[in-house]
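# dropping the sequence and predicted coords here.
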Amino acid sequence: VQLEESGGGLVQPGGSLRLSCAASGFTFIGYRMMWFRQAPGKERELVATIPSAVGRPTYADSVKGRFTISRDNAKKEVSLWMNSLKPEDTAVYYCNYGDGMMPLGNWGQGTQVTVSS
């Protein structure tokens, strides 16, 4: 299994970023995909999930209305569109897959998002 995150960077408050995750080594279409983040000194937290087929994405309250998760089953990719970014969104962002809300894969290197003026 490989999960490769990309798209992070430095952005000013109020800015936008799009994160991408390329997945391989498992049946992508069969699993819920998830984005997590881990800020310095804090535990990893679930940010957004998208079901394998039918159903609605879910979001942490802290990002609801600002972030959008999407997936491309043909490309085996999941994206996280982040708008109205805040300094508290600063973290390393990771993707993973799961059956339910528990991540099943090994963690990749993640992609750093820094929101600062």
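Cool, the structure landed. Residues are numbered from 1 along each chain as shown.
# what sits against the residue positioned nearest the centre of the chain?
Most central in the chain under Cα atoms, centre = their mean is W35, positioned 2.6 Å from the mean C-alpha point. W35 is in contact with L19, C21, L46, V47, A48, T49, I69, V78, L80, Y93, Y94, C95, counting by Cβ atoms under 8 Å, 6 or more residues apart in numbering. For every residue, glycine as well, the C-beta is placed using N, CA and C.
# do the same with G14
S84, L85.
# run through the strands of this protein in chain order.
2-6, 9-11, 17-24, 32-38, 45-50, 58-59, 67-72, 77-82, 91-98, 111-115 (DSSP state E).
# of all those strands, which one is nearest L104?
strand 91-98 (5.0 Å; Cβ to Cβ).
# closest one to N106 out of the contacts of W35, please.
Y94 (10.4 Å).
# quickly list what that closest one is bridged to.
F36 (DSSP bridges).
# roughly how far does it sit from G105?
Y94 is 10 Å from G105, where distance means Cβ to Cβ, to the nearest Å.
# between the two, which one's more packed in?
Here Y94 and G105 are compared on neighbour count by other Cβ atoms under 10 Å; more neighbours surround Y94, at 23 against 18.
# contact partners for the closest residue to P103 other than its chain neighbours?
Nearest residue to P103, sequence neighbours excluded (Cβ to Cβ, 6 or more residues apart in numbering): N96, at 3.7 Å. N96 sits next to L3, M33, M34, F36, P103, L104, G105, W107 when contact means Cβ under 8 Å, 6+ apart.
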